[in-house]
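sequence first, predicted coordinates after that:
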Amino acid sequence: MHVHDPATRDAATPPPASGVSFVMPVLNEHAYLERAVQTVLAQEVDGPSELILALGPSSDGTTALARRLAASEPRLRLVDNPEAHIPVGLNAAIRASSYPTVIRVDAHSELTPGYAQRALETLARVRAANVGGVMRADGRTPFQRAVARAYNSPIGLGGGAYHGGTHEGPAESAYLGVFRRAVLDEVGLFDESVRRGEDWELNLRIRAAGYRVWFDPALAVTYWPRESWTRLVRQFRSTGAWRGELVRRYGRRNSLRFFAPPLLVVDVALALVVGVLQLTGVLSGWPSAVASVVYLPVIAYVLLIAGVALGPAGGRGWRDRLWTFAVLPSMHLAWGVGFVGGALRGAHETVDTSRLDRNTPLP
């Protein structure tokens, strides 16, 4: 989301060729890690670079793979993240880093060629503290492609700039992020009490300190979504719970778009209650007719999702279209249910278990 730029401070630009540190939290990413590492190490930057992996307690062979990769690549370093929480791992990697520009990367993502060099040029040009680009979700299966279409659509995730924005400018937050280390040290690193939405919270503090957070649509990262429906639902419920927690902490500094899924959940719940009361005869006559208004948003939503699934955005084959029809409400409702719980009770120790095996105990 683009914002009015109230920034009054320019982030200091390090000397040319002063080096770049890439930081990546990793947990159960055996199928994606090697390719993600390759796209990072292939980035061309002026000066030295390093990639620091913060390794959580994986159960799929990821740790052994990471050690094998590090044994043959001097730029690749490993740190432990025994708690498996993303902000904890990011902070451990940042503290272990050596250079004045920090680029956050993800094991489920692949950087496009020239990403780092373009980001460094944009940072210097606009004197921003953080720069991010576009998350271009992609999929390898009909289900994953449906999730990718939802990510790339304004209907899927609410129209944040990094889900398809085309205009460069100041932003509320940034996908992944290319940071000036000096600003991170000034405002504090990631808040380790925020398990999801940690990037938004950090960027809020960066902007509050008077620095720019910048969106550059020329920067693109390929993102691979969750591979199954259950993992997707678990991911979105956790993310929604932490957004609810952030609303409890920061109120209206959260964008209005975050409130759409919980409003949908509330309306669906009201529609179910009204339906039961009508079917049992408890609600009848004109009160029943008035109460039936709660059905209208649900009907409009179903028609909207059907239109997306059946239209060009729904995919090419019938399996893609069916998954699109299932994925969109799954994302919205799971996120909305999580948000309601997080806003009412707080997220507390809610953990995103979508990267964990069911038999893997939580740290």
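Structure received. Residues are numbered from 1 along each chain as shown.

where's Ile103, which helix or strand?
Per DSSP states H and E, Ile103 falls inside strand 101-104.

what packs against that strand?
For strand 101-104, the packing partners by 3 or more CB pairs under 8 Å, 6 or more residues apart in numbering; DSSP states H and E come out as strand 20-26, helix 115-126, strand 175-180, helix 181-187. For glycine as for every other residue, the C-beta is placed from the backbone atoms N, C-alpha and C.

what pLDDT, on average, does the longest helix seen in the chain get?
Longest helix in the chain by number of residues (criterion: DSSP state H): helix 318-345. For helix 318-345, mean pLDDT is 92.

export the helices and strands packed on strand 101-104 to TSV and tack on mean neighbour count?
Shown next, in TSV, are these (neighbours: other CB atoms under 10 Å):
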stretch	mean neighbour count
strand 20-26	26
helix 115-126	20
strand 175-180	26
helix 181-187	17
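
okay, the ones you listed in TSV with mean pLDDT and distance to Trp323 next?
Converted to TSV, those look like this (pLDDT from 0 to 100; distance: least, CB to CB, whole Å):
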stretch	mean pLDDT	distance to Trp323
strand 20-26	97	28
helix 115-126	95	29
strand 175-180	95	24
helix 181-187	97	39
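
neighbours around Tyr99, how many?
Burial measure for Tyr99: 18 neighbouring residues, criterion other CB atoms under 10 Å.

for Val23, see how far away it is.
For Tyr99, the distance to Val23 (CB to CB, to the nearest Å) stands at 11 Å.

before we move on, the earlier item: only the buried residues of the longest helix of the chain, if you could.
320-328, 330-343 (16 or more other CB atoms under 10 Å).

and it, what does it pack onto?
Partner elements for helix 318-345 (3+ CB pairs under 8 Å, 6+ apart): helix 142-152, helix 154-157, helix 229-250, helix 260-279, helix 295-310.

can you flag the weakest of those by average pLDDT?
helix 154-157 (a mean of 75).

how distant is the following helix or strand past that helix from the center of its chain?
Moving toward the C-terminus from helix 154-157, the next helix or strand (DSSP H and E) is strand 169-170. Its chain's C-alpha centre and that of strand 169-170 lie 19 Å apart, by CA atoms, centre = their mean, to the nearest Å.

show me what strand 169-170 is packed against.
strand 213-223.

could you check the angle the strand it packs on makes with strand 175-180?
130 degrees (axes from the mean of the first three to the mean of the last three CA atoms, to 10 degrees).

show me what counts as buried in strand 213-223.
Buried, per 16+ other CB under 10 Å, within strand 213-223: Val213, Trp214, Phe215, Asp216, Leu219, Ala220, Val221, Thr222, Tyr223.

that strand packs against which elements?
By 3+ CB pairs under 8 Å, 6+ apart, strand 213-223 packs against strand 109-111, helix 115-126, strand 130-137, strand 169-170, helix 198-208.

out of these, which gets nearest to Phe236?
strand 130-137 (13.8 Å; CB to CB).

alpha carbons of the closest one, as CSV, please.
The C-alpha trace of strand 130-137 is given here as CSV (Å, rounded to 0.1, in the frame of the first residue of the first chain):
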residue,chain,number,x,y,z
ASN,A,130,14.2,0.1,3.3
VAL,A,131,13.2,-0.9,-0.3
GLY,A,132,11.0,-3.7,-1.5
GLY,A,133,9.5,-4.9,-4.7
VAL,A,134,6.8,-7.2,-6.1
MET,A,135,6.0,-10.7,-4.8
ARG,A,136,5.3,-12.8,-7.9
ALA,A,137,3.7,-15.9,-6.6
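
if we can go back for a sec, export the helices and strands packed on strand 213-223 as a markdown table, with columns for distance to Gly315.
What follows is the helices and strands packed on strand 213-223, written out as a markdown table (distance: least, CB to CB, whole Å):
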| stretch | distance to Gly315 |
| --- | --- |
| strand 109-111 | 22 |
| helix 115-126 | 27 |
| strand 130-137 | 13 |
| strand 169-170 | 32 |
| helix 198-208 | 29 |
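
contacting residues for Ser109?
Applying CB atoms under 8 Å, 6 or more residues apart in numbering to Ser109 gives the contacts Ala36, Met135, Leu176, Val221, Thr222, Tyr223, Trp224.

of those residues, closest to Leu53?
Ala36 (9.7 Å).

if we can go back for a sec, could the contacts of Ser109 be laid out in CSV, adding distance to Gly307?
Converted to CSV, these look like this (distance: CB to CB, whole Å):
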residue, distance to Gly307
Ala36, 35
Met135, 24
Leu176, 32
Val221, 29
Thr222, 27
Tyr223, 25
Trp224, 27
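
next, Glu50: phi, psi?
phi -150, psi 160 (degrees, to the nearest 10).

my read: it touches Leu78, true?
No - Glu50 is beyond contact range of Leu78, at 11.3 Å (criterion: CB atoms under 8 Å).

in terms of neighbours, single out the busier of these two.
Set side by side, Glu50 and Leu78 show more neighbours around Glu50, with 21 against 18, by other CB under 10 Å.

that one: what's it in contact with?
Gly19, Val20, Ser21, Phe22, Arg75, Leu76, Arg77, Ser97, Ser98, Tyr99.

what's the answer for Leu90, then?
Val23, Pro25, Ala54, Arg104, Leu189, Phe190, Glu198.
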